[in-house]
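Novice: quick one, structure for this:
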Amino acid sequence: MRSSPLVRALGIVVLLGLVLAGGARAQPPRPAGASITAYSNPVWDLDLVDGSGRVGPYASLALDAAGRPHVAYYDVANADLRYAYRDGAVWHRETVDSAGDVGLYTSIELDWLGYPHISYHDETNGDLKYAYKDAAGWHTEMVVPDFHTGEYTSLELDASGFPHISYYESTRGVLRYVRHDATHWLSPEPVDDAATVGLYSSLQLDVYGDPHIAYYDAANGDLKYASADFSGWYVEVVDSAGDVGGFASLALDSHSYPHIAYYDFGNGDLKYAFRDIGGWHIWTLDPQGDAGSYCSLALDGQDHAHISYHNATDAALDYACIAGTSWHFQRLMRVTMGQAGEHTALALTASGLPRVVFHQRYLSDGYLLYVEASHGVFLPAVYRSAGR
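Specialist: Numbering: from 1, shown residues only. Modelled structure (predicted):
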């Protein structure tokens, strides 16, 4: 069983640098007095994706058929779109697009051959862009050339490998959806034209290839959900209790019912909503301190929810999953200076083991980190529990 000194035991403190999975490696200098607490029960392995400094916001994660991680993210220092993947114990990093200030609001998916596809925002020109890799290398395209568009992108590939993207158009303050067919990008579709809607869009395709989107209505402080079929788009309010819906993360279960993790801005809480034959059900999962921003949701093969999220009060990366009749919560990493757990992205292996990529920030510096559960059977420690 692979384990690094950083994550062998609950509560260990490592000073002046990370000790990574697979052995010690050189790290960027850590500010004097800073420490990291990583927690393990059973075992989480921590790895550095990119430590070049001022990197890691807008991280997005996908796993290939062998369970290897692929990450898209923003290089703040150089204003570039970056891509990294791990082959064995080694991370490989590439600059995908460096034309202007590009790479914000990334979303990554892999095609059936394992090639990456990324949607992202071009801040210089205000455009929605799309990049993909094949045997010839990287290709980039401008999808929607409309100034102040393409924020909060979310990408999905359909069964034929064609990309679908939801995004926020800030000029008009509306939610849009666009897709590619066999030859070209089709005209963007208006999903919700109410004022200031579509932030934190999260897109999923069901078994029929129909789109479903969870998103934040900033004008009303609501979590909203939209879905489409052959007759058009249907929009509904999921939660309107206060100012809710930030960092919306959507997954569809085996019956195509939606599940959404999101943040309550007013109370600083992690919330979770799901729909079944009885309608929508809404739970407050973590009401302690300011917890729940940058949440990312995935469902395992039994439709059980797993959520990674940021705890701003404790400068920590936290993780929640449902087991039996209770939600179980685990702290994965905490720092004493700066913040850990921002811009999290969660994915599960075929056997349901969680992998999380996240941003660690201290002042103007930032690093991109990756943590994975390496146990054959994952049973998270419970430091608090909330029943259904």
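Novice: list the buried residues of the helix or strand where Ala228 lies.
Specialist: Assignment of secondary structure by DSSP states H and E places Ala228 within strand 222-229. Of the residues in strand 222-229, those with enough neighbours to count as buried (16 or more other C-beta atoms under 10 Å) are Asp222, Leu223, Lys224, Tyr225, Ala226, Ser227, Ala228. For every residue, glycine as well, the C-beta is placed using N, CA and C.
Novice: cool, and stretch 161-179?
Specialist: Judged by neighbour count using 16+ other C-beta under 10 Å, the buried positions of stretch 161-179 are 162-170, 172-179.
Novice: now, those residues that are in strands?
Specialist: Judged by DSSP state E, the buried residues of stretch 161-179 include 163-169, 174-179 as members of strands.
Novice: may I ask which two of the residues you listed are separated the most?
Specialist: By the measure C-beta to C-beta, Pro163 and Val174 form the most distant pair in those, at 20.4 Å.
Novice: before we move on, back to that, from the ones in strands among the buried residues of stretch 161-179, which single one is nearest Tyr115?
Specialist: Pro163 (12.0 Å).
Novice: gap between that closest one and Gly341?
Specialist: Distance, Pro163 to Gly341, by C-beta to C-beta, to the nearest Å: 29 Å.
Novice: now do Leu332
Specialist: From Leu332 over to Gly341 (counting by C-beta to C-beta), the distance is 8 Å.
Novice: these two: who's more crowded?
Specialist: Residue environment comparison for Leu332 versus Gly341 gives the larger neighbour count to Gly341, 31 against 26, counting by other C-beta atoms under 10 Å.
Novice: the more buried one sits in which helix or strand?
Specialist: For Gly341, the element it lies in under DSSP H and E is strand 339-348.
Novice: that strand packs against which elements?
Specialist: Contacts of strand 339-348 with other secondary structure elements, assessed using 3 or more C-beta pairs under 8 Å, 6 or more residues apart in numbering; DSSP states H and E, are made with strand 60-63, strand 69-75, strand 291-299, strand 305-311, strand 316-323, strand 326-335, strand 354-362.
Novice: generate CSV for those, with mean pLDDT and distance to Pro188 as supplementary columns.
Specialist: Below are the helices and strands packed on strand 339-348 laid out as CSV (pLDDT from 0 to 100; distance: least, C-beta to C-beta, whole Å):
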stretch, mean pLDDT, distance to Pro188
strand 60-63, 98, 21
strand 69-75, 98, 22
strand 291-299, 98, 26
strand 305-311, 97, 30
strand 316-323, 92, 35
strand 326-335, 90, 38
strand 354-362, 94, 29
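Novice: Tyr152: which of those is closest?
Specialist: With C-beta to C-beta as the criterion, Tyr152 lies closest to strand 60-63 of the helices and strands packed on strand 339-348, at 12.0 Å.
Novice: so how far is the closest one from its chain's centroid?
Specialist: 8 Å (C-alpha atoms, centre = their mean, to the nearest Å).
Novice: the strand holding Gly341 vs strand 305-311, what angle?
Specialist: Relative orientation of strand 339-348 with respect to strand 305-311: 170 degrees, computed using axes from the mean of the first three to the mean of the last three C-alpha atoms, to 10 degrees.
Novice: how far out from the middle of the chain is strand 339-348?
Specialist: Its chain's C-alpha centre and that of strand 339-348 lie 6 Å apart, by C-alpha atoms, centre = their mean.
Novice: still on that earlier bit, list the contacts of the strand holding Ala228.
Specialist: Strand 222-229 is touched from outside by 175, 177, 189, 191-192, 197, 208, 210-217, 233-240, 244-245, 248, 250, 258, 260, 262, 273, with contacts defined as C-beta atoms under 8 Å, 6 or more residues apart in numbering.
Novice: which parts of stretch 240-247 are buried?
Specialist: Within stretch 240-247, the residues scored as buried using 16+ other C-beta under 10 Å are Asp243, Val244, Gly245, Gly246, Phe247.
Novice: contacts made by stretch 175-189 with the rest, please.
Specialist: Contacts with stretch 175-189, where a contact means C-beta under 8 Å, 6+ apart, come from 128, 141, 143-144, 149, 158, 160, 162-169, 190-192, 197-198, 201, 203, 211, 213, 215, 226, 228, 233.
Novice: okay, now the unreliable bits of the stretch 51-200 of the chain?
Specialist: Confidence mapping of the stretch 51-200 of the chain against pLDDT under 70 gives the ranges 147.
Novice: and the strands in it?
Specialist: Counting by DSSP state E, counting those that start in this stretch, the stretch 51-200 of the chain forms strands over residues 60-63, 69-75, 80-87, 90-97, 102-110, 116-122, 127-134, 137-144, 149-157, 163-169, 174-179, 189-192, 197-205, given from the N-terminal end onward.
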